[in-house]
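J.: The following block contains a protein sequence and its predicted model.
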Amino acid sequence: MCLKIRDLHFNYTKSTIWISGDINLHDINWVSSIIDGNSNQLLIDAIFDAVSEQIVTFPTRNNNTLDLFITNIPSLIESHDPFLE
């Protein structure tokens with residue numbers, strides 16, 4: 001996944017990039033970008049070097065933010081409250 005993110009960034013420099021889904025990385029605090037351990041450091045580096053921002057800032061499963069929306073143009077996204085509590 002890290003290589004694909006970097007590939008998108010370097011080969012499609014003028015494109016809008018959106019990556020979304022149930023990424024299931026419970027050891028990452030997406031609000032503070034703090035990782036509990038080093039296993040996902042490469043992914044975090046790829047996302048913030050190539051893309052820029054993870055939009056979802058609330059827990060999507062228990063206390064974890066597992067459903068992510070990552071983009072290189074966050075100004076295109078309008079903020080909304082979560083659908084389900």
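T.: It's in.
J.: Please make it C-alpha for all contacts and neighbour counts, starting now.
T.: Fine.
J.: So, low pLDDT: which residues of the protein?
T.: 39, 51, 79-85 (pLDDT under 70).
J.: how about the strands in it?
T.: 18-22, 28-29, 34-35, 53-54, 67-71 (DSSP state E).
J.: want to try TSV for the ones you listed, with distance to Phe10 and mean neighbour count as columns?
T.: Converted to TSV, the strands of the chain look like this (distance: least, C-alpha to C-alpha, whole Å; neighbours: other C-alpha atoms under 10 Å):
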stretch	distance to Phe10	mean neighbour count
strand 18-22	15	12
strand 28-29	25	18
strand 34-35	25	14
strand 53-54	17	18
strand 67-71	14	19
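J.: of all those strands, which lies closest to Cys2?
T.: strand 18-22 (12.0 Å; C-alpha to C-alpha).
J.: Just the buried residues of stretch 33-50, please?
T.: 35, 44, 46-47, 50 (16 or more other C-alpha atoms under 10 Å).
J.: and the strands of the chain as CSV, adding distance to Tyr12?
T.: Formatted as CSV, these follow (distance: least, C-alpha to C-alpha, whole Å):
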stretch, distance to Tyr12
strand 18-22, 12
strand 28-29, 27
strand 34-35, 28
strand 53-54, 17
strand 67-71, 13
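J.: Tell me which of those strands lies nearest to Met1.
T.: Closest to Met1 of the strands of the chain is strand 18-22 (C-alpha to C-alpha; 10.7 Å).
J.: Can I get that closest one in PDB? Just the C-alpha atoms.
T.: Extracted in PDB, the C-alpha atoms of strand 18-22 (Å, rounded to 0.1, in the frame of the first residue of the first chain):
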ATOM      1  CA  TRP A  18      -8.800  10.000  -2.500                       C
ATOM      2  CA  ILE A  19      -8.200   6.800  -0.600                       C
ATOM      3  CA  SER A  20     -11.000   5.400   1.600                       C
ATOM      4  CA  GLY A  21     -12.100   2.300   3.400                       C
ATOM      5  CA  ASP A  22     -11.800   0.200   6.500                       C
END
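J.: Show me what it pairs with in its sheet, parallel or antiparallel.
T.: Strand 18-22 has the following sheet partners, assigned by DSSP bridges: strand 67-71 (antiparallel).
J.: what does the partner strand contact?
T.: 16-24, 47, 51-56, 60 (C-alpha atoms under 8 Å, 6 or more residues apart in numbering).
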